[in-house]
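Novice: could you look at this predicted model? Sequence included:
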Amino acid sequence: MTAAFVLRNLYRGRPALRCPPAELPWAPQRGHRLTPADDELYQRTRISLLQRESPLAMYIDSYSSRGFVVNGNRVFGPCALLPQSVVQWNVGSYQDITEESFSLFWMLEPRIEIVVVGTGDRTERLQPHVLRAMRQRGIAVEVQDTPNACATFNFLCHEGRVTGAALIPPPGGTALTSQAQAAE
């Protein structure tokens, strides 16, 4: 103990003997690899905003048996959502969906990557030749019940994908209300 005290005072008293720990021949070596938890102690977390949300993005606020609310605007009956517009879709049920009723999705620029189809309160099968025609044009089709189709469409739009939706309102009392509508 006394030797340690004497050496410490000798080291403090003579600046010429001081050298950084890295230059010492007996510098301690790390006996283990750094883990992510150790790494976090030595680095700062940095967040960069890569892209702001587009004010023109389409989002489905709510739906009911009568129609949809898209970006605050009411749409009655079946509708087709395109990247920057909403149009009435002239189908009565999933059985009315034809190659012609999907034609507006492949005529657009920029090309739509995926069309989400909401078939009402149940997921229904579309005619195979209709799906094949969309696939041949390079457009993926996701067929779901309307509540899940609305959620999928919102998710894909939030990811920044070029997405379209073809939605048939669910019959009956099924409804999704936004928080703003619930407050009213």
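Specialist: Thanks, I have the structure now. Numbering: from 1, shown residues only.
Novice: which residues of the chain score low on pLDDT?
Specialist: Scanning the chain for pLDDT under 70 picks out 1-56, 173-184.
Novice: show me where it has its helices.
Specialist: Here the chain has its helices, by DSSP state H, at 2-13, 36-42, 103-106, 128-136, 146-158, 179-183.
Novice: buried ones in the shortest one?
Specialist: Taking 16 or more other Cβ atoms under 10 Å as the neighbour-count basis, helix 103-106 is seen to contain the buried residues 105-106. Yep, even glycine has a C-beta here, placed from its N, CA and C like the rest.
Novice: I'd like to know which elements it is packed against.
Specialist: Applying 3 or more Cβ pairs under 8 Å, 6 or more residues apart in numbering; DSSP states H and E, one finds that helix 103-106 contacts strand 79-82.
Novice: sheet-wise, list the partners of the strand it packs on with their directions.
Specialist: strand 85-88 (antiparallel), strand 163-168 (antiparallel) (DSSP bridges).
Novice: now mean neighbour count too, for those, in CSV please.
Specialist: Shown next, in CSV, are those (neighbours: other Cβ atoms under 10 Å):
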stretch, mean neighbour count
strand 85-88, 13
strand 163-168, 26
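Novice: okay if I get these as TSV plus distance to D96?
Specialist: Converted to TSV, the strands paired with strand 79-82 look like this (distance: least, Cβ to Cβ, whole Å):
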stretch	distance to D96
strand 85-88	13
strand 163-168	9
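Novice: double-check L104 against V87; I have them as touching.
Specialist: Yes. Between L104 and V87 there is a contact under Cβ atoms under 8 Å: 7.2 Å.
Novice: who touches both of these two?
Specialist: A80 (Cβ atoms under 8 Å, 6 or more residues apart in numbering).
Novice: residues making contact with stretch 105-123?
Specialist: So stretch 105-123 is contacted by 80, 82-83, 93-94, 97, 102, 126, 134, 137-150, 152-153, 156, 161-172, 174 (Cβ under 8 Å, 6+ apart).
Novice: revised request: answer the last question for stretch 74-85.
Specialist: Against stretch 74-85 from outside (Cβ under 8 Å, 6+ apart): 56, 58, 60, 66-70, 86-92, 104-105, 108, 110, 112, 153, 162-169.
Novice: related to what we said a few turns ago, out of the contacts of stretch 105-123, which are buried?
Specialist: Buried, going by 16+ other Cβ under 10 Å: 80, 82-83, 94, 97, 102, 126, 134, 139, 141-147, 149-150, 152-153, 156, 163-170, out of the contacts of stretch 105-123.
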